[in-house]
Every structure is written in structure tokens, then in C-alpha cells.
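Enquirer: Provided below for reference: sequence and predicted model.
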Amino acid sequence: MHSRAERAVRAAERALDRWFGAAANPLRQLGALTFWMLWIVVASGFWIYALYETSVDGAYRSVQAMTEQQPLAGGLMRSLHRYASDALIVLALLHLLREALLGRFRAFRWFSWVSGVPLLPLAIASGVVGYWMVWDQRAQVIGVAAFEWFAWLPGFGVGLVRNFIDAEAITDRFFSLLAFAHIGLPLLLLLGCWAHLLRLVRPQTQPVRALAIGSALMLAALSLAWPARSLPPADLALWPQRVSIDWFTLGVLPLADAAPRLTWIAAAALTLALLAMPWWPPQRRTVPPAAVVDPAHCNGCTLCQADCPYGAIVMVPHASGRAGARMARVSAELCAGCGICAGACPSATPFRRGAPFATGIDLPQLPLAVLRDRLDAALDALERHGDATRLVVLGCDCSARIDDGAVDGAVMLSAPCAANWPPVFVEYALRRGADGVLVTGCPPADCAYRLGARWTAQRLAGERLPQLRAQVPRDRVRLHWALREDKESLSRALDNFRRALADRRRAAQT
């Protein structure tokens, strides 16, 4: 049962699908877009740093010269740097909110969630230091506000504020320190991003090309239309009366200025709450057990390791002790229980009848032998439909389902992921009397287990092992992606498939 929050997210995504298409929908690529903004920030930052002077007299002058003397070079890069930084923070917030609303922070996802939470404060801190380096009246005001806020913490004191109100404290070394901090914080951010992706295989760190180019052009147009500009230079003998701020990067400072202690309490409480979300409140639903390897049937082919979306499988010396032999080993902590590895095992063939169905790797809660038994029962049930077109739907627990009897002559079986079904199961169903097999699952851009939809499509297309054999008639096999809410879409796809198969049968009879 979906929560209201999840339904709201899906409704927003479907609305944007009409404009961008599912593959280029920005809501489905918030993480990749955040990384893209980070690379724009880094690239433009290198350009700005090459022109920046780390001195009391040169800091403001060098930044101002970028805008006034090089509006289409240094000025453009400065504006890109500012707007891409804002976009990074906004996209990171939206990415965090989307994952939270979809419930993607528990169980095997806990590490990615916990490692991602500190990245946002790091990005904001880097932005604050960047504004200080401009050394205009805005830098003067936010410097005092930030250090007065930090003065409430143990180990800090009001003496820090002296750096922004005492001319003797402002030296060339101070600006060198700012430059070091503005470089060091992004380096920590990159290190945090590496940790954030550490447990993911083939993480998507770049949006699709159209979205990347479009977002870059939008930032460039914004930079040319409203270039980033400095306020008058900082003057420690005067206090600015009115200063505009960047609310995306500096929005917390007015709150801290009004209620510093309360802002610290709220920030600490929010951070702790986010970090505790994977475990609190306690989850009633049990986590699926990890996949299990059968050494007797594992030949060390590495296909399961290559297909695991979370790096939960490693190759180790074979339990048999044979020289050079390898076998898979599953990390229970990292395993999502998706069954993609079972669908990749070449020993998973339902045609085996002379011996018990066994495979090199399988899910203990739903072995492939059980899936074959369910498929056999479904095929037996289809035989009662006589001359009606008989359809088998192999789906996943996270995508759309058809109700029993919703489509005449069709039965649906579900596994944790569409990629849990080995391609040979499609051939098995056709040989056992099905007129057609439709494989369905989450759309590739929003697969619940990241790579399951992609691997399923490539296996059926013969582009990835294990593949659907070439002799299987492709007009009797279809692939349709549908989210859990898209039951009507799946029913229409089945109706269209049934009509196409009926036309095929009539053409064969004439």
C-alpha cells in the first residue's frame, strides 16, 4: 500500500513525463543533476581561482574585474559558479526529500542515506566561504553573523567576530586561509560523495545528455541575463545598513542572527532525526533474507557479481578446494533480496526434470524452483481457455499488476524484481503452451533496485548474459514498463499484445 507522500511524488513525476519523457524527467535524475551542478561549480571555480588575488587590496578588485572587464569570460564563469552552487543545494534538498518520501533509506540503503546527509551542510559551508572571498559589504555582514552564531558553541568565542570588525585582523594571510578553506571544503564534499556512492554499482552520476545540455544552457542564459554582482567593497569602519543575501546558500544566517541558540538546537535536532531515519521508527516489515550460494552448482562465472546493483557479491576461492576455482559469496549486510543475481545464474534452467531444480545462487524466501512451480500451475490454468489467446505476464513486486481475470486468458506471476526471472523462463513458458509472454517491471529510469530493468531489457535483447536465445520468436515476447500505479497502462499493453498474437495466429492459419 502506497503512502500519500509516495503517490504525490509519482503524480508529479507522471506530470513531468509528459514534458520531458521518462528517460529525461529531472525528478527521476535529481542525484545525477546534483553531481552535474557540482562539476560545473568545480570547473568554473578553477577559472575564477586563476584570476583571484588572495590579498586585502586584490580580493575585491580581482572579483570586480571579472564582471566588469571580462563579462563573457570571467564574469560568465563567476555567475555560473554562483547559480550552479544554488542549483546544487536546491537539487540536493529535492533529492533528499524524494528519497525520504519514497522510503528509500532503510535496510540495505541505510549507508547511502547516512553518508548523504552531511553533504548538504558541507556544500552550504563552502558557499558561505565563497561569499566571504568577494570581500564586499555582503561578506562583511555574513561573516559577523556566521561567527556570532558559532560563538554559541563550546570552544568558540566572540573573539572570532574580530576577524570581520577589526582592520588589523584582515591580512593577506586571512584571504589565503579563505582560499584554502574554499578549496578544502569541496574536496571534503567530493570525498563524501565517493563514500555516498561506495556501495552502489554503476551509480548514475551524470544526467542524460539532453538534460545535462539543457540545464547548462539554462544556467548560462541566467548568468548572462542577471550576472552575479558585488556590493560596494567592505569597509570595517562602517556597518552596512541594508544587504541582500542569497537565500539558497545563506538562508540560515538570518535565523541564526534572530535566535542563535534555537537555530543550533533546530539544526542539531534535524540532523539527528535524518541520521536516525533508517532505524526509527522501528520497521515492522522484516528485511528479506540475503541470497544464498550453492557451491555445488556455482561455477564462478561472475555473472551474478556483475549484475548485483549493490556490490553485495564477491568472488572467493571455491569451497571444493579445487585449484584456481572460484565461487560467489554474498554479503548479507549489502544484499537487497532483489533476486537479480538468481536471474543471472546460467544454471537456472526450468527445463531440468531429471533432478531437483538447483541453481548456483538463489533467494531462500522465493527460490526459482518455486517460481517454476507457480509458472507450471499458471500454464495448466491457461489450458482451460481453449482457443483463447493465452498470455503469461512475468512481473515484479514493485511495478504494476493486473487483477486476476482483468484480462481474459492472461495470468500474472510476480518476483521481487523483473530481473529475478531468468530469460530461459520466457522460452519455457512459450514451449509449455503460452502464446505470448509479456515481461513487465519498473521503468529503467526509476527501477526499485536500480539496474534490474536495464539488465532485463538487455537480456531479452540478447545484449547481456544470460540472454534470451535467438530461436525464440521475438514477436511472441514483449517488454512493458509500468509503475505500480499504472495498472491501466499494463492492461492496455496486454490487450494490444493479445490482439497482435491473435492476428499472428490468423495469418499463420491462412
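Expert: Everything's here; your move.
Enquirer: could you pull out the strands for the stretch 151-300 of the chain?
Expert: Secondary structure of the stretch 151-300 of the chain (DSSP state E, counting those that start in this stretch): strands at 292-293.
Enquirer: The chain too?
Expert: Secondary structure of the chain (DSSP state E): strands located at 292-293, 313-317, 326-330, 361-362, 391-396, 410-415, 436-441, 477-481.
Enquirer: What number of residues are in the vicinity of Ala73?
Expert: For Ala73, the neighbour count with other CB atoms under 10 Å is 12. Backbone N, C-alpha and C define where each C-beta goes, glycine included.
Enquirer: likewise Ile265?
Expert: The burial count for Ile265: 11, using other CB under 10 Å.
Enquirer: Okay, it and Met315: tell me how far apart.
Expert: Distance, Ile265 to Met315, by CB to CB, to the nearest Å: 49 Å.
Enquirer: And Cys442, by the same measure?
Expert: The gap separating Cys442 from Met315 is 28 Å, by CB to CB.
Enquirer: again with Ala22
Expert: 35 Å.
Enquirer: Domain ranges for this protein, per the record?
Expert: 21-233+256-276, 292-509 (automatic domain parsing).
Enquirer: Including mean pLDDT and distance to Val243, could those domains go into a markdown table?
Expert: Converted to a markdown table, the domains of the chain look like this (pLDDT from 0 to 100; distance: least, CB to CB, whole Å):
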| stretch | mean pLDDT | distance to Val243 |
| --- | --- | --- |
| domain 21-233+256-276 | 93 | 5 |
| domain 292-509 | 92 | 42 |
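Enquirer: Distance to Asp246 added to these, as CSV?
Expert: As requested, these are exported to CSV (distance: least, CB to CB, whole Å):
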stretch, distance to Asp246
domain 21-233+256-276, 7
domain 292-509, 32
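Enquirer: Looking at those domains, which is nearest to Thr249?
Expert: domain 21-233+256-276 (3.7 Å; CB to CB).
Enquirer: got the end-to-end distance for the closest one?
Expert: 35 Å (CA to CA, to the nearest Å).
Enquirer: ok, now stretch 200-208?
Expert: End-to-end for stretch 200-208, by CA to CA: 19 Å.
Enquirer: do stretch 479-490 as well
Expert: So stretch 479-490: terminal residues 10 Å apart, CA to CA.
Enquirer: buried ones in that stretch?
Expert: Leu479, His480, Trp481, Ala482, Leu483, Arg484, Asp486, Leu490 (16 or more other CB atoms under 10 Å).
Enquirer: same question, stretch 324-341
Expert: 326-331, 334-341.
Enquirer: Next: stretch 383-400.
Expert: Across stretch 383-400, burial judged by 16+ other CB under 10 Å covers Thr389, Arg390, Leu391, Val392, Val393, Leu394, Gly395, Cys396, Asp397, Cys398, Ser399, Ala400.
Enquirer: Now do the contacts for the second one.
Expert: Shown in contact with Arg390 (CB atoms under 8 Å, 6 or more residues apart in numbering): Leu382, Glu383, Gly409, Ala410, Gly433, Ala434, Asp435, Gly436.
Enquirer: Please repeat the previous calculation with a cut-off of 7 Å.
Expert: If you count contacts by CB atoms under 7 Å, 6 or more residues apart in numbering, Arg390 has them with Leu382, Gly409, Gly433, Ala434, Asp435.
Enquirer: what's the answer for the third one, then?
Expert: Contact partners of Leu391, counting by CB under 7 Å, 6+ apart, are Gly409, Ala410, Ala434, Asp435, Gly436, Leu438, Leu494, Phe497, Arg498.
Enquirer: Could you pull up phi and psi at the first one?
Expert: Main-chain dihedrals, Gly409, degrees, to the nearest 10: phi 80, psi 20.
Enquirer: Would you confirm that it contacts Glu383?
Expert: No: look at Gly409 against Glu383 with CB atoms under 7 Å: they stay out of range, at 10.8 Å.
Enquirer: List the contacts of stretch 481-499.
Expert: So stretch 481-499 is contacted by 2, 10, 389, 391, 393, 398-402, 406-407, 409-410, 436, 438, 440-444, 453, 478, 480 (CB under 7 Å, 6+ apart).
Enquirer: Off-centre distance for the top helix by length along the chain?
Expert: In the chain, with assignment by DSSP state H, the single longest helix is helix 74-101. Offset of helix 74-101 from its chain centre (CA atoms, centre = their mean, to the nearest Å): 16 Å.
Enquirer: Show me what that helix is packed against.
Expert: helix 4-20, helix 30-51, helix 58-69, helix 119-134, helix 209-225, helix 247-250 (3 or more CB pairs under 7 Å, 6 or more residues apart in numbering; DSSP states H and E).
Enquirer: Give me the angle between that helix and helix 119-134.
Expert: When axes from the mean of the first three to the mean of the last three CA atoms, to 10 degrees is applied, the directions of helix 74-101 and helix 119-134 differ by 160 degrees.
Enquirer: Would you mind listing the buried residues in helix 74-101?
Expert: Buried residues in helix 74-101, counted by 16+ other CB under 10 Å: 74-89, 91-92, 94-96, 98-99, 101.
Enquirer: Equivalent analysis for stretch 169-185, please.
Expert: Ile170, Phe174, Phe175, Leu178, Ala179, Ala181, His182, Leu185.
Enquirer: Closest one to Gly58 out of these, please.
Expert: Among the buried residues of stretch 169-185, Phe175 lies closest to Gly58 (CB to CB), at 8.2 Å.
Enquirer: what's the distance between that closest one and Tyr60?
Expert: Phe175 sits at a distance of 10 Å from Tyr60 (criterion: CB to CB).
Enquirer: what do you get for Pro473?
Expert: Pro473 is 73 Å from Tyr60, by CB to CB.
Enquirer: before we move on, what about Phe105?
Expert: 44 Å.
Enquirer: which one of the contacts of Arg390 has the most neighbours?
Expert: Ala434 (24 neighbours).
Enquirer: how much space between it and Arg401?
Expert: Per CB to CB, Ala434 is found 18 Å from Arg401.
Enquirer: Narrow the contacts of Arg390 to those in helices?
Expert: Reading helices off those with DSSP H, I get Leu382.
Enquirer: farthest-separated two in the contacts of Arg390?
Expert: Gly409 and Gly433 (11.7 Å).
Enquirer: related to what we said a few turns ago, I'd like to know which of the helices and strands packed on helix 74-101 is closest to Gln283.
Expert: helix 4-20 (15.6 Å).
Enquirer: Just want the angle from that closest one to helix 209-225.
Expert: 80 degrees.
Enquirer: Can you give me the separation between the residue nearest to Pro233 when sequence neighbours are not counted and Ala179?
Expert: Excluding the flanking residues, the one nearest Pro233 by CB to CB, 6 or more residues apart in numbering is Tyr60, at 4.5 Å. Applying CB to CB, the value for Tyr60 to Ala179 is 14 Å.
Enquirer: now do Met77
Expert: Taking CB to CB, one finds Met77 at 16 Å from Ala179.
Enquirer: Repeat that for Asp86.
Expert: Distance, Asp86 to Ala179, by CB to CB: 21 Å.
Enquirer: which ones are touching Trp110?
Expert: So Trp110 contacts Pro278 (CB under 7 Å, 6+ apart).
Enquirer: And it, how close does it get to Gln283?
Expert: Using CB to CB, we find Trp110 at a distance of 11 Å from Gln283.
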